[in-house]
Every structure is written in structure tokens, then in C-alpha cells.
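**Q** 3D model of this:
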Amino acid sequence: MKTPIIAGLLLCAAGPAFAQNFDGPPAYGDVNWSPGDRPTGVVVLAAGAMPAYWMDGGCSGYISPAPSARLLLGEAGDVSIAAGSDEDLTLVVRGPDGEVTCNDDGAGDFNPGIALTDAPAGAYEIWVGTYAAGVGHPTTVLHIGESFNTENPFVVRPDPALRADQSVRLNAGFDDDPRRFDVRAGGEAALDGLGEQCPGFAGAAPNLALDYQAGDYELYFLMESDADGVIAVRTPSGEMVCNDDQLGLDPGVNIAAPESGRYQVWTGLLGDRRRVVDGVLTVSEIGFAGMDRRLNLAAPARFGDQSLSSGFVPDPVVVPVEAGGPIDVNAAVSDGVIATGFCTGYVSSAPTVELTYEAGSLPLYIAARSDADLTLAVNGPDGAWHCDDDSGGGFNPEIDFTEPQSGVYDIYLGTFSEFGGDTASAELFISELEGVPAGPQLDLALPAVFGDHSLSAGFLPDPYEIEVQAGGRLRADDAGAGSDMAFCAGNVTQAPSVELTWNGDGGPLFIYAVSDQDNTLAVNLPDGGWVCDDDGGEGFNAAIALQSAPSGVYDIYVGLFSGSNQAPAVLNISEIEGPSDDWDAGFGE
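**A** Numbers count the residues shown, from 1 in each chain. All right, here's what the predicted structure looks like:
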């Protein structure tokens, strides 16, 4: 491939710039030019890390400390300075008298240009930068002449005329679905050259050319990698379809009614141009990556059907279910009508439960409870979707139909996670009286899991240490811990971790936990009140300081901030010190 030649183009070797201010030798050398000379130019790498407004408040973009080049203007006269790129550039010029001139898009499009009239002879320092930070270092040509020139033979653009890295012919109903192709995602070509809606960077040539004989199936393209990918698909009719995050950070394109002909596919990356990573491109007629990710409302409900009429008993109806699945509910319902809420989480293809309901004058509540973070999506009798994540308290979802319709409610119970596939045991509630019913409550009367302990003022050794297991299956705030004045975070056991009988003299008492995990404390005081803490100690450790601790029984719960697992911890009780010398006690009582 031949590279166009620009008249008078100077290719100069770059020198490093170590200046801490906007000074120093030009990175790409000097350019000698006078009015009347042929236009000339110098190849430079644009960009830098320093905001241009540090040089002058009227400048925009990012530049390097040292100038890109220096124009040695031999005679006074008019001079035009410009640069061209597919990246949005900025230009800064400092004249012989120290005056700074800046420009962003003066030469047209995103190309900067500065025209100096009757410029005196002398040295002009020129910085070529990028308007945005973190876009790499695009190769550009700094043009100097009597009019603006933005030609740049180094711009790499995606080119449908180039031969694809790989090619394949497929007919509708093809075997071995999905077809997988190893690709190199990313590159220097800005995909917005194919269409304004296409973000990211890829190679100039398509990664795949698919010659497809269409039939009755949809067509799915998905690119999987360890990076934040993008995909651009050019259809046989020339339409561009692009995507960023279809499944997590993996981009995908669905052609609902594909036409026969050639599909060209570019796989790219968001972020720095020139970066390239390994990826896998899949082509399927079943779904993204060969999995049918549609919701099938006609499929039998996984945990059965419920037929209820207004006034039903018992109320609530409780259905043990398994929540979750592989399908991103947000993507699956994106073409439908969303009546309430935001649809999120992962579900199965078939409904979790199908409810046939004859409405009356009462509201209808559909809710769920679990140790896991649940989501809820309900397709109502009118075909609209109703969704929820945490309205039922904690991580429990709840949807309230104040004026329910008679008909079929397809109920999907999902799990909230970064990627699909996780499942969790849960209870689904259908009620006309309430949403999520109260779950198991803390029971202060139960024997403490790690025993009863009695201490009196002046005890030794101090601190008094008790080895415990932090955490449990109950959310402290949902299970009765706390009050309007004290919010209690974390998951705990139903019984106290430790019961402390304290015989004090009204002095201070410090209670704190130490663990490798993010722990919490909830303490029921002798007067029945609660005091709680999450990260009051060092790091993620909980700590409580009681300034005037009354004598009596303290029921102490040592929890974990998230999850229903348990972890080893040491509960410390002290009269003289908190978890560290520099701890801010912030006395709780």
C-alpha cells in the first residue's frame, strides 16, 4: 500500500521532553518557513497530560510540557497553522513576544487552525494536543502555510473495501450453532468513521465477513473478551449496527429480520486507540453466544401455577422457589412496555410462578425474601412489565398493584449479580394484605452462641477477648435490631453472639471486634435500647464506645456486613482503650 506524499513534509525524530513547565526544546524540531514559500508540515504525535489552560486560561485540551515543534518565521507576514486527525485536536501557539493563541476547531470539523495576520518574524512555539484526556497519541501532521491544510495520510479508518481477517459462508439453519471465531479486538481506526453511533477503536479491515443466506431465523453477533469491547456490524444494505455492553461488558448485535448477503463485523475496544486484546466472536441463530436469552411466557412455570380470587385464604400464599437464571432480564424486556420500576437481575426463560388472579377491591402484593439479593419482574394481564429490586426491605423485592387487573401474572424471580447463572433459594409471597412479611426476629432470650460472660469494673486482663464467629443468616435491621436513632447493618445470628453481664461504676466501656472480614456490631443495652456500628474501628472493623455504661445485661451481636456466611473474629471488651490509640471514640451513650 502506497502512502500519499505531502509536499514539503518533514519527518523528524521525536526527542523526549522532561520540562516541568511549558518550555524546552521542541519534541519534533524546528521548521523554517517564510511567506511565499511552499506549504510544509511536520509529523507529530498529538496529546499530553497537562491541561492547556495551565498555560493560558483561554486554552482547552491537553498538551505536553515541551512544544511539539517550533516555527522559525523568516519574514513578517501572514501564516496559517493547522493540524488534521480523526481525533478532536487542540492547538496552542506562543509567539516571539510570549503571547499565547489557542484554537480547537478553527480548521473545520474537529481540526484546529490558527491564522496569524502580519505576524512578525521570529520563533513560534507550537503545541499539538488532544481535546479530551486519555485518548492515546494520534499521529497527525502539523501544517504550516498561507491557508489551512488538514490532510493526514496517517489517519486509519475502518474500510469496508478491505479484505476481512476471516470469512465464512452460512445458510439459515446452519449446524454447529454458535460458530466461534478467534479475533483480535481493538486497533487504531475510530469506529465512528462507520457511523456516528459507533464508539471505540478497531482495525481498519473487518474481523469477519459473513456471507449469509437468510431464512426464518434471527441473527446474533457477540464478542467476548476480558476488556470493555464494542462491535460494529455492516449489513448487506450498508446499514451500520453497533453496540457497547449487551451482556456485561461484552457487546452484541441482534438482527431481528436478517437479509441475505454479506455482513462485515468489526470487533473493537473502548478507551485507548492501538490497544488490542484477544477475543471470541460468535455468530448464532439461537441467541447471543448460542443461548436463547428470550423470556418464554408460554412455557410452564418452573414452580407451578396459582389460581386465586380476591379474598383468598390463607394470606399470604407462600411458594418456595429457586430464584435466578442465565438471562439478563433488562435486555430480555427492552423491547416491551415497562410500566413500573427498573428491570434488572438474571432469570430463567420460563416464569418462576404463573398467577391467574380474579381481582376485587383489594390491592395485590407480589414479593419475595431470601438471604440473597433478589429482583422481581412481573408481566401483567395487559402485557406490560412491572419490576423491582429492593422495595421489600433489605435486598428483597416487592411490587404493589393498588388496582390489580384480573388475568394472568407471569412472575420472574431473579438474582442481582454481575453475570448470570447464579441461583438462590427464596420464598415468593402473594398477598392482598402486605408485601414481604416479617421474617425471623432476633431472640434475646436464646442462649448466647459464644456464652455468657460477667465482668466487673477494674477487670483484668483488659481488654477481655472472646473468640466468636461473626455473621449469620438474618439481616440485623430486618430482624429487630436498631431503632429510629440507630441503624444496624450486617447479617447476624438469631441468638446473641455474646451476653455480657456488666457490674460497673458508671465509667466508659469499649466494645469492638477484630476480623479479616467487614464486620458489624449491634448491642442491646440494659435499658432495651440499641447501639450499632459498622466501620467505627480500624479498617472494616466495628467499634462502640459507651461513655457511661450502666450495670446490667448487654446482648452483643457480631455480624458481617454482607453475605450469610460466617468468619472468625475476636470480640474485645475494655474499660481503658478502644481498637487503637488514635481511635476517635465518638461515645455512643
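**Q** This protein - how does it break down into domains?
**A** The chain breaks down by automatic domain parsing into domains covering 9-145, 166-290, 305-431, 452-574.
**Q** could you dump those domains to CSV with mean neighbour count and mean pLDDT?
**A** (Glycine included, C-beta is placed from N, CA and C.) Below are these laid out as CSV (neighbours: other CB atoms under 10 Å; pLDDT from 0 to 100):
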stretch, mean neighbour count, mean pLDDT
domain 9-145, 19, 88
domain 166-290, 19, 93
domain 305-431, 19, 93
domain 452-574, 19, 92
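**Q** Put together TSV for those domains, with distance to P153 on each row.
**A** Below are the domains of the chain laid out as TSV (distance: least, CB to CB, whole Å):
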stretch	distance to P153
domain 9-145	8
domain 166-290	13
domain 305-431	42
domain 452-574	55
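**Q** Where does the residue lying farthest from the centre of the chain fall, secondary structure wise?
**A** Here the centre of the chain is the reference, and by CA atoms, centre = their mean the most remote residue is E75, at 55.8 Å. Assigned by DSSP states H and E, E75 belongs to no helix or strand.
**Q** what's the nearest residue to it if we skip its chain neighbours?
**A** Once flanking residues are discounted, E75 sits nearest to S34: 4.4 Å by CB to CB, 6 or more residues apart in numbering.
**Q** Please tell me how far that neighbour sits from G77.
**A** 7 Å (CB to CB, to the nearest Å).
**Q** ok, now A372?
**A** Per CB to CB, A372 is found 75 Å from G77.
**Q** Please enumerate the helices of the protein.
**A** Counting by DSSP state H, the chain has helices at residues 329-332.
**Q** Start and end of stretch 360-374, how far apart?
**A** 29 Å (CA to CA, to the nearest Å).
**Q** My error: substitute stretch 544-563 in the last question.
**A** 22 Å.
**Q** now that stretch, how far from the chain's geometric center?
**A** In terms of CA atoms, centre = their mean, to the nearest Å, the centre of stretch 544-563 is set 36 Å apart from its chain centre.
**Q** what does stretch 145-164 give?
**A** The answer for stretch 145-164 is 34 Å, by CA atoms, centre = their mean.
**Q** Now do the buried residues in that stretch.
**A** By 16 or more other CB atoms under 10 Å, the buried positions in stretch 145-164 come out as G145, E146, F148, N149, T150, N152, F154, V155, V156, P158, P160, A164.
**Q** ok, the residue farthest from the centre of the chain to R94 distance?
**A** Counting by CB to CB, the separation of E75 from R94 is 19 Å.
**Q** same thing with L249?
**A** Between L249 and R94 the distance is 42 Å, computed by CB to CB.
**Q** ditto for P300
**A** Distance of P300 to R94, computed by CB to CB: 75 Å.
**Q** Check T375 too.
**A** T375 is 57 Å from R94, by CB to CB.
**Q** Please apply the same query to T356.
**A** Using CB to CB, T356 is found at 77 Å from R94.
**Q** Can you show me the strands along the stretch 151-300 of the chain?
**A** 166-171, 179-186, 189-190, 201-202, 208-213, 219-225, 229-234, 240-243, 252-255, 261-269, 276-284 (DSSP state E, counting those that start in this stretch).
**Q** what's the closest of the ones you listed to D30?
**A** Comparison of the strands of the stretch 151-300 of the chain against D30 by CB to CB identifies strand 189-190 as nearest, at 31.2 Å.
**Q** my guess is the residue farthest from the centre of the chain meets D37, correct?
**A** No: with contacts counted by CB atoms under 8 Å, E75 stays clear of D37, the gap being 9.4 Å.
**Q** do you know how far L295 is from V378?
**A** Look at L295 and V378: by CB to CB, they are 12 Å apart.
**Q** Mutual contacts of these two, please.
**A** Residues touching both L295 and V378 by CB atoms under 8 Å, 6 or more residues apart in numbering: Y412.
**Q** returning to that earlier point: what would the buried residues of stretch 145-164 look like in CSV with distance to S64?
**A** Below are those laid out as CSV (distance: CB to CB, whole Å):
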residue, distance to S64
G145, 24
E146, 27
F148, 23
N149, 23
T150, 21
N152, 19
F154, 18
V155, 21
V156, 22
P158, 29
P160, 35
A164, 37
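**Q** Mind listing the residues bridging to the residue lying closest to T352 once chain neighbours are set aside?
**A** Nearest non-adjacent residue to T352, counting by CB to CB, 6+ apart: L413, 4.4 Å away. Note on L413: beta-bridge partners by DSSP bridges are L376.
**Q** show me the contacts for L413.
**A** Per CB under 8 Å, 6+ apart, neighbours of L413: 321, 323-324, 347, 352-353, 368, 374-376, 397, 426, 428.
**Q** Select from these every entry located in strands.
**A** The strands, defined by DSSP state E, take in V321, A323, G324, V347, V353, A368, L374, T375, L376, A426, L428 from those.
**Q** Looking at these, which one is closest to G287?
**A** V347 (14.3 Å).
**Q** ok, that closest one touching V321?
**A** No: with contact defined as CB under 8 Å, V347 does not count as touching V321 (11.3 Å).
**Q** on that earlier part again, quick check: the two most widely separated of the buried residues of stretch 145-164?
**A** Using CB to CB, these span at most 43.2 Å, a distance reached by E146 and A164.
**Q** hmm, back to that, with distance to V329 as added columns, please give the strands of the stretch 151-300 of the chain in a markdown table.
**A** Output for the strands of the stretch 151-300 of the chain, formatted as a markdown table (distance: least, CB to CB, whole Å):
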| stretch | distance to V329 |
| --- | --- |
| strand 166-171 | 30 |
| strand 179-186 | 26 |
| strand 189-190 | 33 |
| strand 201-202 | 30 |
| strand 208-213 | 29 |
| strand 219-225 | 18 |
| strand 229-234 | 22 |
| strand 240-243 | 18 |
| strand 252-255 | 16 |
| strand 261-269 | 26 |
| strand 276-284 | 20 |
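**Q** G552: which of those is closest?
**A** Proximity to G552, assessed across the strands of the stretch 151-300 of the chain by CB to CB, is greatest for strand 219-225 (59.9 Å).
**Q** And the closest one, what does it pack against?
**A** The contact analysis (3 or more CB pairs under 8 Å, 6 or more residues apart in numbering; DSSP states H and E) places strand 219-225 against strand 179-186, strand 229-234, strand 252-255, strand 261-269, strand 276-284.
**Q** let's see it at 6 Å
**A** With contacts taken as 3 or more CB pairs under 6 Å, 6 or more residues apart in numbering; DSSP states H and E, strand 219-225 sits against strand 229-234, strand 252-255, strand 276-284.
**Q** Just the CA trace of that strand, in CSV.
**A** Backbone C-alpha positions of strand 219-225 (Å, rounded to 0.1, in the frame of the first residue of the first chain) are rendered in CSV as follows:
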residue,chain,number,x,y,z
LEU,A,219,-29.0,-13.4,13.6
TYR,A,220,-26.9,-12.8,16.7
PHE,A,221,-23.3,-11.5,16.9
LEU,A,222,-21.5,-11.4,20.3
MET,A,223,-17.8,-10.5,21.0
GLU,A,224,-16.5,-11.8,24.4
SER,A,225,-13.2,-10.6,25.9
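**Q** Tell me the neighbouring strands of it, and mark each as parallel or antiparallel.
**A** Partners of strand 219-225 in its sheet, by DSSP bridges: strand 252-255 (antiparallel), strand 276-284 (antiparallel).
**Q** Would you quantify the distance from the nearest residue to D211 once chain neighbours are set aside to L210?
**A** Distance criterion CB to CB, 6+ apart; nearest residue to D211, sequence neighbours excluded, is R169 at 4.5 Å. In this view, R169 and L210 are 8 Å apart by CB to CB.
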